[in-house]
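Visitor: structure for this input, please:
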Amino acid sequence: MQEPDEDYTGLADRYGEKRARRIWELSRMATRDFVDVIETLDIRCHLAERDSIYYALDGGGEAKLREEYRRRRRAGIGGRWLGGRALVDQTGIDGAAGIRTTGNAQVDPYEACIGLLRAAQRCGALIFDRSPATRIVHARDHVTVVTPRGSVRADHVIIATGYATPYFKPLAGRFRMLNTYVVTTRRLTPAERRRVGLDSVMLWDTERPYHYARWTDDHRLMLGGADRRHTPGRRRAPALRACTQSVIDYFTTLYPSLAGIENEFAWEGLFAMTPDSLPYIGPHHRYPRHLFALGYGGNGMTFGFLASTLLLDWYRGKRTGDHDLFAFSRMRKAP
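Guide: Model (predicted):
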């Protein structure tokens, strides 16, 4: 999805209109280019183009959403306003308003990942997915990654672990570790889908933390939300039960027809949020010859792909203002 977790309004207030507009442009380009790569490589991963609908349930949310829409339009960012009637027609939700945005897509992430790995292998990449890195040693002109059974020497190492692992503990304070919770229904019949009333769109709301919904390729409804600080240890199982029930309750209120439909799967996801909901992409002064891609928030597919293009440019010596937008130092540059 091309829309960052942080609204355009929030980014513009923090960084100014010009920088916020460029962040959204890069996110949109990453979404489009990622789709192009999947199609060019002919990766079979149930790729489907999808619009997104960002909706508000009440009048207070509608006022904020209207201001968001106005500022997006002024910045040249596409989108179509949905009043209450149109929102019901396209989502089945009796809410206040929404913004419908084109140019998004969804895939089966596992199949997409395997397809990209196979394509990389065909191009000569070596993949060692069961070799943990135990230590990284940097020298003036190279870096060595140490594993239990051997070492790899390279010009640079890219750390794309999503968040700061214990090895990079000095960076941990830059992230909030959160769990998100997802429930998936059984396969719905065509009649049941019509009763729900939700188009094939990527749905999310203006609440924070937000709720989200997607149709899967096999006609299940995937429902998510109830994000909270990471819950470790013995509290994890009770949190999973409580938070998935919260997700079920929220969507059953919106869609009463779901009350009699069984949910077959439930799980949690772990992700990292930064203060501005944008990833950190690039070098850090503490770690020579390292490049990082961390803190994707809830939009890891898009920002992970964007990181791949920005880091490749960085490695090739091509530095632009786009790199500054996601640098570790960007917080100090805000107006």
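
Visitor: ok, Pro238 - how many residues close by?
Guide: Around Pro238 there are 10 other residues, counting by other CB atoms under 10 Å. No exception for glycine: its C-beta is placed from N, CA and C like everyone else's.

Visitor: buried ones in the helix or strand encompassing it, by neighbour count?
Guide: Element membership for Pro238, per DSSP states H and E: helix 236-254. Within helix 236-254, the residues that count as buried by 16 or more other CB atoms under 10 Å are Ala239, Leu240, Cys243, Thr244, Ser246, Val247, Ile248, Tyr250, Phe251, Leu254.

Visitor: and the nearest residue to the fourth one once chain neighbours are set aside, what does it touch?
Guide: So that's Thr244. What sits nearest to Thr244 in space, not counting adjacent residues and going by CB to CB, 6 or more residues apart in numbering, is Ala266, at 4.4 Å. Residues in contact with Ala266 (CB atoms under 8 Å, 6 or more residues apart in numbering) are Tyr181, Val182, Val183, Thr184, Leu240, Thr244.

Visitor: could you give the bridge partners of Ala266?
Guide: Val183 (DSSP bridges).

Visitor: from Ala63, how far off is it?
Guide: Note on Ala266: its distance to Ala63, by CB to CB, to the nearest Å, is 34 Å.

Visitor: confidence score at the residue of the chain positioned farthest from its centre?
Guide: Farthest-out residue of the chain from its mean C-alpha position, per CA atoms, centre = their mean: Arg140, at 35.3 Å. Note for Arg140: predicted pLDDT of 92.

Visitor: tell me the spacing between it and Val146.
Guide: 18 Å.

Visitor: same question for Glu3.
Guide: In terms of CB to CB, Glu3 sits 40 Å off from Val146.

Visitor: likewise Gly304?
Guide: Relative to Val146, and taking CB to CB, Gly304 is found at 25 Å.

Visitor: could I get the average pLDDT for the stretch of helix or strand Val152 belongs to?
Guide: Counting by DSSP H and E, the element that carries Val152 is strand 150-154. Mean pLDDT, computed over strand 150-154, is 95.

Visitor: whichever helix or strand comes after that strand - contacts with which helices or strands?
Guide: Next along the chain after strand 150-154, taking DSSP H and E as the criterion, comes strand 157-162. Strand 157-162 is packed against strand 287-294, helix 300-315, with contacts defined by 3 or more CB pairs under 8 Å, 6 or more residues apart in numbering; DSSP states H and E.

Visitor: in CSV: the ones you listed, plus mean neighbour count.
Guide: What follows is the helices and strands packed on strand 157-162, written out as CSV (neighbours: other CB atoms under 10 Å):
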stretch, mean neighbour count
strand 287-294, 19
helix 300-315, 19
